[in-house]
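**Student:** Whatever this is, show me its structure:
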Amino acid sequence: MYMDRKTACYLLSCAGDIGPASIGRLRLTAGSYQDMILTDPDLFLRSGIINNKQAEKLHKVRSDMDRLLLKYEELTASGVSIFTLEDSGYPERLAKISDPPFILYVRGRLPDETMPSAAVIGSRTCSDYGISAAEFFSEELSENGVQIISGLAHGIDTAAAVGALRSGHDTFAVLGTGINICYPKENYPLYRSITGEAEGTHNRGGVITEFAPDENALPFHFIMRNRIIAGLCDVLLVIEAREKSGTSITVNYALSQGKDVFAMPGRINDPLGRGCNGLIRDGAFPLTEPGDVLTYLGIDSSEKNIMGKRDTACLSHDEKNIYSVLTEEPSHLEDISEASGIPILKLPMILFDLEQKGYALNTGNAFYKRL
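**Tutor:** Numbers count the residues shown, from 1 in each chain. Down below sits the predicted model:
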């Protein structure tokens, strides 16, 4: 039976529970991905290369091959690209890590190897300030040619993708599920915007995963996903994180891969700031403005829209007026009304729109500041 490498890798991924290390051992024995599928799994089991559960999974794939191959044809016809570790299009950044995925499923496209990339990560249960910061950093970095990598989770991941899309530039999401599953499901519109499938959008990047197409979210999937997020970036940015959280797993992957980490300083009495403050204490670079990262990446931002030089062309007349009187220090509604000449009752809706566009932040008690 003839079977090409991509088809064989697809079938192996459908077996599940066979990670990169086991795949490596199997390949050393079998000689090729194709032979890993075509060889009786019991031979691998008796040799001690795989365990009973893995052998059962391989038997199931072999017995269900006709159905799986039909699903494979449907998958590729739907526009999903498949890359194996040996393919020329496989990301060089990812190939260099110690446990690269043997297969990648991509809807959209992979990051451009010639462009710098930054992964933006943080807490799922982040603050409004964290969301605004993640959107702001991602938007500004995107406008300066930096590709944004995130995980499509709630919180900081979502904000990072939203900020990058707002800039009109590329963003990439690494999934802890199969390519046909969006988790959390609330982010499906964001998923479609990233891949250009949403109405009125064009392709702005891609979603990426190593898991079989219809694989659901499992806890260990997100640990595996985190090494890919770290592997695809040149630098890792942590926006908000608790002292002990899943964010530290991605940080450890990045450090083990030789990547540098930036962390946004947080308030000392805020649990969401302790993780970042601890990273800075342990040697991470402080993340205080986009220029910190751009300078690190060797990008000249002197003529770009960085901190205080925002492009206001997209704002209405009233929004521009209010934005012009806002400062980096919070101002009360009464002061904003007096400075702008706009009635105070009209301000909340305009300020809300500025917040949604990433130009202002409600700091509480009717105080607002410029972003």
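**Student:** Where do the strands of the chain begin and end?
**Tutor:** Secondary structure of the chain (DSSP state E): strands located at 81-84, 103-108, 117-121, 147-150, 171-174, 205-209, 235-238, 260-263, 285-286, 331-332, 360-364, 367-370.
**Student:** what's the closest of these to Arg46?
**Tutor:** strand 103-108 (26.3 Å; C-beta to C-beta). Quick note: C-beta positions are derived from backbone N, CA and C, even for glycine.
**Student:** what angle sits between the closest one and strand 205-209?
**Tutor:** 150 degrees (axes from the mean of the first three to the mean of the last three C-alpha atoms, to 10 degrees).
**Student:** Just tell me which of the strands of the chain ends up closest to Pro20.
**Tutor:** Closest among those, using C-beta to C-beta: strand 103-108, at 10.0 Å.
**Student:** Low-confidence ranges, the stretch 51-200 of the chain, go.
**Tutor:** 199-200 (pLDDT under 70).
**Student:** try it again with 80
**Tutor:** 198-200 (pLDDT under 80).
**Student:** For the nearest residue to Ala159 once chain neighbours are set aside, list the residues it contacts.
**Tutor:** Excluding the flanking residues, the one nearest Ala159 by C-beta to C-beta, 6 or more residues apart in numbering is Ala134, at 3.7 Å. The neighbours of Ala134, taking C-beta atoms under 8 Å, 6 or more residues apart in numbering as the test, are Val120, Gly122, Cys126, Ile156, Ala159, Ala160, Gly163, Ile239.
**Student:** run the last query once more with 7 Å
**Tutor:** Residues counted as contacts of Ala134 (C-beta atoms under 7 Å, 6 or more residues apart in numbering) are Val120, Gly122, Ile156, Ala159, Ala160, Gly163, Ile239.
**Student:** pretty sure Gly196 contacts Val207?
**Tutor:** No - in this structure Gly196 lies outside contact range of Val207 using C-beta atoms under 7 Å: 10.9 Å.
**Student:** shared neighbours of these two, anything?
**Tutor:** Counting by C-beta under 7 Å, 6+ apart, the residues touching both Gly196 and Val207 are Gly108.
**Student:** Name the residue in those two with the higher neighbour count.
**Tutor:** Val207 (24 against 16; other C-beta atoms under 10 Å).
**Student:** Specify the beta-bridge partners of that one.
**Tutor:** Arg107, Ala173 (DSSP bridges).
**Student:** from what I can see it touches Arg107, true?
**Tutor:** Yes - between Val207 and Arg107 there is a contact under C-beta under 7 Å: 5.1 Å.
**Student:** what sits in contact with each of these two?
**Tutor:** Ile179, Thr195.
**Student:** Let me see the contact set for Ala146.
**Tutor:** Wrong residue type there; residue 146 is Val, not Ala. Pro116, Ser117, Ala118, Leu297 are the contacts of Val146 under C-beta under 7 Å, 6+ apart.
**Student:** And those, which two are furthest apart?
**Tutor:** Ser117 and Leu297 (9.3 Å).
**Student:** and for these two, which residues touch both?
**Tutor:** Joint contacts of Ser117 and Leu297 (C-beta under 7 Å, 6+ apart) are Val146, Asp234.
**Student:** more crowded one of these two?
**Tutor:** Using other C-beta under 10 Å as the criterion, Ser117 and Leu297 rank with Ser117 on top: 21 against 17.
**Student:** Relative to Asp214, how far out is that one?
**Tutor:** 28 Å (C-beta to C-beta, to the nearest Å).
**Student:** Touching, Asp42 and Ala55? I think so.
**Tutor:** Yes - in this structure, Asp42 is within contact of Ala55 by C-beta under 7 Å, at 6.4 Å.
**Student:** Can you pick out the residue with more neighbours from these two?
**Tutor:** Taking neighbours as other C-beta under 10 Å, Asp42 and Ala55 compare with Ala55 leading, 20 against 12.
**Student:** For the more buried one, list the residues it contacts.
**Tutor:** Pro41, Asp42, Phe44, Leu45.
**Student:** quick one: pLDDT of the third one?
**Tutor:** By that I understand Phe44. pLDDT recorded at Phe44 is 93.
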